[in-house]
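Trainee: Got a predicted model here, sequence first, then my questions.
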Amino acid sequence: MGRRDDLIAKYADDLKNKCGMSPDMDLLTKVTIGCGPSIYDADASTVAAGQPQELETVKDNFLIKKLGLADGPQLMDAINQAIDTYGKSERNKYRAVIYYMLTKHFGKESVFG
């Protein structure tokens, strides 16, 4: 297995054990690939949930630009819900896992089709 496969397995484990979700491995793989090289960078691979500007970046770059959603309070509500699901005390909230949960939340799996 390659490095990306190891990371996808780690993300799937987080979804199962920390988020209580049964991951769609095909979608998780596509979301992970969509994150690009950021998954290999320790800082960029995680979402700093306590930093408002980081959450704005997730909203602008992922929800609006990637998923094509219209801006509104529901976007930040969904981000906060994903962070709550992951667990506020969880130090490493992986970007691919957050993006996966947001993709599922908004039913935008077709973006990664």
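Mentor: Nice, thanks for sending it over. Numbering: from 1, shown residues only.

Trainee: what residues are up against the residue of the chain most remote from its centre?
Mentor: With Cα atoms, centre = their mean as the measure, the chain has its most outlying C-alpha, relative to the mean C-alpha position, at Met1: 22.2 Å. Met1 is in contact with Ala9, counting by Cβ atoms under 8 Å, 6 or more residues apart in numbering. C-beta here means a position set from N, CA and C on the backbone, and glycine is covered the same way.

Trainee: Check what pLDDT it gets.
Mentor: pLDDT for Met1: 70.

Trainee: what's the neighbour count on Asn61?
Mentor: 10 (other Cβ atoms under 10 Å).

Trainee: Per-residue confidence, it, what does it come out as?
Mentor: We have a pLDDT of 97 for Asn61.

Trainee: Show the backbone phi and psi for Tyr94.
Mentor: Dihedral pair for Tyr94: phi -70, psi 130, per degrees, to the nearest 10.

Trainee: Wait, it touches Leu15, no?
Mentor: No - counting by Cβ atoms under 8 Å, Tyr94 does not reach Leu15; the two are 9.5 Å apart.

Trainee: ranges for the helices of this protein?
Mentor: With DSSP state H as the criterion, the chain has helices at 3-17, 25-34, 52-57, 73-86, 95-105.

Trainee: Just the angle for the longest one relative to helix 25-34, thanks.
Mentor: Taking axes from the mean of the first three to the mean of the last three Cα atoms, to 10 degrees, one finds that helix 3-17 is oriented at 130 degrees with respect to helix 25-34.
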